[in-house]
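Q: Sequence and predicted structure are below.
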Amino acid sequence: MTNLVRVEKENMLAIVTIDNPPLNVISKQVLQGLLGIFTQLENDNEIVAVLITGAGDMAFAAGADIKEFPQMMGNPNMMETVRESHEILTKIDKFPKPTIAALNGITLGGGCELALACDLRVAEASVQIGLPEVKLGLFPGAGGTQRLSRLVGNAKAKEIIFTGDPLTAQEAERIGLVNKVVEQGDGLMESKKLASKMTSHSLQALSRIKKAIDEGSEATLEHGLEIEANLFEEIFQTEDVKEGVTAFLEKRKPAFSHR
């Protein structure tokens, strides 16, 4: 079976590339490839952050593999397929390390849902991003209705999903769907630069920052503050906080061990 997802490692960063030409559609095989790689990277002590991109310069991921849809119609086990895609993207969403989607082309449907599961999104200037499923008589079924609304608000999410029209990179940046727009061809390079600012820090701190924000955003302020307090107490028990404070007092750069 052809490997449609590959991973490379450099400077504590894992670069995950979807390579399913010509448009890097998110097939079941691609999802399984992502699951395997993220399961492996979760326990890789040499990796602090993960970047996801698409091979070539046409698409990050142009959507789900529509050729797989007919077998889902009338399938009594369809819910298993839906739950499987949810579980895989939720694993990426809850991954205990920072994740960046480097959008280098078309980012539609399932590709957009994958990008939404990442912490940050960097888009090249020509990127088109959206959820066009309504044009097939469908709606986003891999977390799109939930993650998009939490990111840009209910009204804007409904507009995007109701119309099915893609947004330009610039429009996506304006509403907070992407964090940064860069020149065409610079997406991977700029995403690596952004990642390097994270990989120089302690994974012990980064993972708790992510957990505090993600869990706190779904709680009341009072409960969110309690989550933060518990994680703040935890971080003071790590070796990295001792190294960070000592390095500051000694006026040197810290050498974090991520423990």
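A: Noted; the coordinates are in hand.
Q: which residues of the stretch 151-259 of the chain score low on pLDDT?
A: The stretch 151-259 of the chain contains no residues with pLDDT under 70.
Q: tell me which residues of the one helix or strand Glu87 maps to are tucked away?
A: Secondary structure from DSSP states H and E places Glu87 in helix 78-93. Using 16 or more other C-beta atoms under 10 Å as the test for burial, helix 78-93 gives 81, 85-86, 88-89, 92-93. The C-beta positions use only the backbone N, C-alpha and C, and glycine is treated the same way.
Q: could I get the residues you listed as JSON lines with distance to Glu46 and pLDDT?
A: Output for the buried residues of helix 78-93, formatted as JSON lines (distance: C-beta to C-beta, whole Å; pLDDT from 0 to 100):
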{"residue": "Thr81", "distance to Glu46": "34", "pLDDT": "84"}
{"residue": "Ser85", "distance to Glu46": "29", "pLDDT": "92"}
{"residue": "His86", "distance to Glu46": "29", "pLDDT": "94"}
{"residue": "Ile88", "distance to Glu46": "23", "pLDDT": "96"}
{"residue": "Leu89", "distance to Glu46": "25", "pLDDT": "97"}
{"residue": "Ile92", "distance to Glu46": "19", "pLDDT": "98"}
{"residue": "Asp93", "distance to Glu46": "23", "pLDDT": "97"}
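Q: Out of the residues you listed, which comes closest to Ile235?
A: Asp93 (22.1 Å; C-beta to C-beta).
Q: Apart from its chain neighbours, what residue comes closest to that closest one?
A: Ala117 (4.3 Å; C-beta to C-beta, 6 or more residues apart in numbering).
Q: give me every residue that touches the one you found.
A: 89-90, 92-93, 99, 143, 147 (C-beta atoms under 8 Å, 6 or more residues apart in numbering).
Q: What's the separation between the closest residue to Pro132 other than its chain neighbours and Ala59?
A: Spatial nearest neighbour of Pro132, excluding adjacent residues (C-beta to C-beta, 6+ apart): Gly164 at 4.1 Å. From Gly164 over to Ala59 the distance is 18 Å, taken as C-beta to C-beta, to the nearest Å.
Q: What would stretch 172-185 look like as CSV? C-alpha coordinates only.
A: The C-alpha coordinates for stretch 172-185 follow below in CSV (Å, rounded to 0.1, in the frame of the first residue of the first chain):
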residue,chain,number,x,y,z
ALA,A,172,-9.7,34.2,6.5
GLU,A,173,-7.0,36.2,8.3
ARG,A,174,-9.5,39.1,8.9
ILE,A,175,-12.0,36.8,10.7
GLY,A,176,-9.3,34.9,12.6
LEU,A,177,-9.6,31.6,10.7
VAL,A,178,-5.9,31.9,9.8
ASN,A,179,-3.2,33.5,11.9
LYS,A,180,-0.9,34.8,9.2
VAL,A,181,-0.9,35.3,5.4
VAL,A,182,2.5,35.0,3.7
GLU,A,183,3.8,35.3,0.1
GLN,A,184,3.1,32.5,-2.3
GLY,A,185,5.7,29.8,-1.9
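Q: Not counting its own residues, what contacts it?
A: Stretch 172-185 has contacts (C-beta under 8 Å, 6+ apart) with 57, 103, 120-127, 129, 148, 151-152, 156, 167, 169-170, 190, 194.
Q: try 7 Å
A: 103, 120-126, 129, 151-152, 156, 167, 169-170, 190 (C-beta atoms under 7 Å, 6 or more residues apart in numbering).
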